[in-house]
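predicted model and sequence below, questions to follow.
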Amino acid sequence: SRPTIPPIYNGINPHTPNLTILHTNPPIFSIPSFLSPEECDLLITTAHGSFTPAPVVGKDSGQLTPSRTSTTCYLAREDVPGYVDRISHLTGKPVEHCELPQVGRYYPSQQYRSHYDAFDLDDVDGRRFAENGGQRVVTVLVYLNDLAVGRGGCTAFPRLKTSSGEVLRVRPERGKAIVFFPASVDGLLDTAALHAAEPALDTKYVSQVWIRQGEYKGVPTKRLASVHGGNVNGSGNVNVNVNGLEHYEAQRPHAHYPQQGTLPAATPTLVGSVVPSPSPLVNQNHPMPQQQPYPPQYHRTQ
């Protein structure tokens, strides 16, 4: 059996405006207004017309299952430089470690049942997917539209509780980001980070960027040919091989592999030269920690 080890998670920039702690062990953060309403709308517009059924990729790579009924579009990092750069500043990981930014659409009643974002490197399928950048160590989930109280669509963490003893749920609010860590920096899957996208009564749009231990390379669903005034005037569609290394939401659990990044330079826009982003989220006089140890009472035995 493995020894009891206090996990060390990837860092998060403590100077991020409006940073809120939703849960301590394991750490989950919330950032209201991480994206502006205009930026949220632009991501939805950019992905429009290119949504495809979202597979659960793992042992049965590329298969569509009832556990995940949403549709998705993967964008090129080069087409949304300000977005991935903002995430890089938030997490201290290089842009090259970010997977392709995903825009997901959930029609009413669609869902993604409880799952892990990281994977088991003791498993042959997990090792194969880890060949492209290693383990997933950070999840950044941004809500692109509002869902009213009582309309469903929350992100639920069934193994985590609030101070009142209820299951931790996060309701979609346009522009709000949540950040959690599907695995520790050494690649060990955190089973406490099990989560689900609950069905909603209204259409829900989200964007996710998963961050790996190392450099990630993928094929986008869509490339932008030109962007003017916030409207996508042309695009080229690329066939995505979901059996390859582009997408992976693991259904099973642990691992080993560390690698750390450096803080990248800022870029001024979200998409092309359309929407100016806020001032850099990082105070350059206060370097971002590359790893952030959290309270040691959160132990895991594998």
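Nice, I can see it. Numbering: from 1, shown residues only.

mind listing what residue 22 touches?
By CB atoms under 8 Å, 6 or more residues apart in numbering, the residues touching residue 22 are 28-30, 168, 170, 178. C-beta: built from backbone N, CA, C; applies to glycine.

ok so it is a strand residue?
Yes. Counting by DSSP: H, G, I helix; E, B strand; the rest coil, residue 22 is located in a strand.

need the pLDDT of it.
pLDDT, residue 22: 97.

equivalent analysis for the one 5 residues further on, please.
Taken from the predicted model, the pLDDT recorded for residue 27 is 96.

correct me, but it touches residue 9?
Yes. Residue 27 is within contact range of residue 9, at 6.2 Å (criterion: CB atoms under 8 Å).

quick one, which of these two is more surrounded?
Neighbour count, other CB atoms under 10 Å: between residue 27 and residue 9, residue 9 has more, with 22 against 19.

so what sits opposite that one in the bridge?
residue 292 (DSSP bridges).

look up how far residue 90 lies from it.
14 Å (CB to CB, to the nearest Å).

and if you look at residue 46?
Residue 46 is 21 Å from residue 90, by CB to CB.

could you do residue 119 as well?
Taking CB to CB, one finds residue 119 at 23 Å from residue 90.

what about the two, which has more around it?
When neighbours are counted by other CB under 10 Å, residue 119 and residue 90 differ, and residue 119 comes out ahead with 29 against 25.

only C-alpha atoms, please: export stretch 195-214 in PDB.
In PDB, the C-alpha atoms belonging to stretch 195-214 read as follows (Å, rounded to 0.1, in the frame of the first residue of the first chain):
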ATOM      1  CA  HIS A 195     -17.900  16.300  -9.800                       C
ATOM      2  CA  ALA A 196     -20.900  16.400 -12.100                       C
ATOM      3  CA  ALA A 197     -22.700  18.900 -14.400                       C
ATOM      4  CA  GLU A 198     -26.300  18.600 -13.200                       C
ATOM      5  CA  PRO A 199     -29.200  18.800 -15.700                       C
ATOM      6  CA  ALA A 200     -30.800  22.200 -16.200                       C
ATOM      7  CA  LEU A 201     -34.200  23.500 -17.300                       C
ATOM      8  CA  ASP A 202     -32.500  26.100 -19.600                       C
ATOM      9  CA  THR A 203     -29.600  26.000 -22.000                       C
ATOM     10  CA  LYS A 204     -26.200  26.300 -20.300                       C
ATOM     11  CA  TYR A 205     -22.900  27.400 -21.800                       C
ATOM     12  CA  VAL A 206     -19.600  26.800 -20.200                       C
ATOM     13  CA  SER A 207     -15.900  27.000 -21.100                       C
ATOM     14  CA  GLN A 208     -13.300  24.700 -19.700                       C
ATOM     15  CA  VAL A 209      -9.500  24.700 -19.900                       C
ATOM     16  CA  TRP A 210      -7.700  21.700 -18.400                       C
ATOM     17  CA  ILE A 211      -4.000  22.200 -17.600                       C
ATOM     18  CA  ARG A 212      -1.400  19.400 -17.800                       C
ATOM     19  CA  GLN A 213       1.900  18.900 -16.100                       C
ATOM     20  CA  GLY A 214       3.800  19.500 -19.400                       C
END
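
buried stuff in that stretch?
Neighbour counts over stretch 195-214 (16 or more other CB atoms under 10 Å) mark 195-200, 204-214 as buried.

kindly report the same for stretch 114-125.
115-121, 123, 125.

convert the C-alpha atoms of that stretch to PDB, please.
Extracted C-alpha coordinates of stretch 114-125, given in PDB (Å, rounded to 0.1, in the frame of the first residue of the first chain):
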ATOM      1  CA  SER A 114     -20.100  12.300 -11.800                       C
ATOM      2  CA  HIS A 115     -16.600  11.900 -13.200                       C
ATOM      3  CA  TYR A 116     -13.000  12.800 -12.700                       C
ATOM      4  CA  ASP A 117     -11.000  15.200 -14.900                       C
ATOM      5  CA  ALA A 118      -7.700  13.400 -14.200                       C
ATOM      6  CA  PHE A 119      -6.800   9.800 -14.900                       C
ATOM      7  CA  ASP A 120      -5.000   6.700 -13.700                       C
ATOM      8  CA  LEU A 121      -1.400   6.400 -14.900                       C
ATOM      9  CA  ASP A 122      -1.300   2.800 -13.600                       C
ATOM     10  CA  ASP A 123      -3.700   2.000 -16.300                       C
ATOM     11  CA  VAL A 124      -2.600   1.400 -19.900                       C
ATOM     12  CA  ASP A 125      -5.200   3.900 -21.300                       C
END
